[in-house]
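# Test case, fold it:
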Amino acid sequence: MSLYDLRYTHAELAQAAREGRRPAPTKMLHRITSWQWMVLYCRKGSFSAEIATAEGRARLQSRLEAQRIRGLHHAGHDLEDADIPPVRHRHGGLWNAW
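Next up is the predicted model:
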């Protein structure tokens, strides 16, 4: 994408002040390369693959936490502080993608 912009250069501002006239803006060209968010940040190019990966990671973390608490219980530790956070749902990934 190409955008044209009108800007005052420092030299033009100084020269216009010396000559007592209004400064003339200079036309500047800005070139921007724009990519879709999904192409840049999603490894496989789709939200469903990214969300499935995140959901699997969340399930794994929940299983590991449950195994840790089960091990503490079998070892005879107090489980008053044991807490398993709620599992992330697939729709949360879709919501956070936008």
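# How far away from the center of its chain is the lengthiest helix in the chain?
In the chain, with assignment by DSSP state H, the single longest helix is helix 47-74. Chain-centre distance of helix 47-74: 23 Å, with CA atoms, centre = their mean, to the nearest Å.
# Could you list every helix and strand in contact with that helix?
Based on contacts counted as 3 or more CB pairs under 8 Å, 6 or more residues apart in numbering; DSSP states H and E, the elements that helix 47-74 packs against are helix 90-97. Backbone N, C-alpha and C define where each C-beta goes, glycine included.
# if we go to 10 Å?
In this structure, helix 47-74 packs against helix 37-41, helix 90-97, with contacts taken as 3 or more CB pairs under 10 Å, 6 or more residues apart in numbering; DSSP states H and E.
# Poorly predicted segments of this structure, please.
34-47, 87-98 (pLDDT under 70).
# Can you give the domain ranges for it?
By the assignment in automatic domain parsing, the chain contains the domains 1-34, 38-98.
# tell me which residues in the first one are buried?
Just to be clear, that refers to domain 1-34. Neighbour counts using 16 or more other CB atoms under 10 Å place no residue of domain 1-34 among the buried ones.
# can you check stretch 64-71 too?
Within stretch 64-71, judged by 16+ other CB under 10 Å, the buried ones are Ile69.
# and Met1, what does it touch?
Shown in contact with Met1 (CB atoms under 10 Å, 6 or more residues apart in numbering): 30-34.
# Among those residues, which one lies nearest to Glu65?
Sorting the contacts of Met1 by distance to Glu65 puts Ser34 at the head of the list, at 41.3 Å, by CB to CB.
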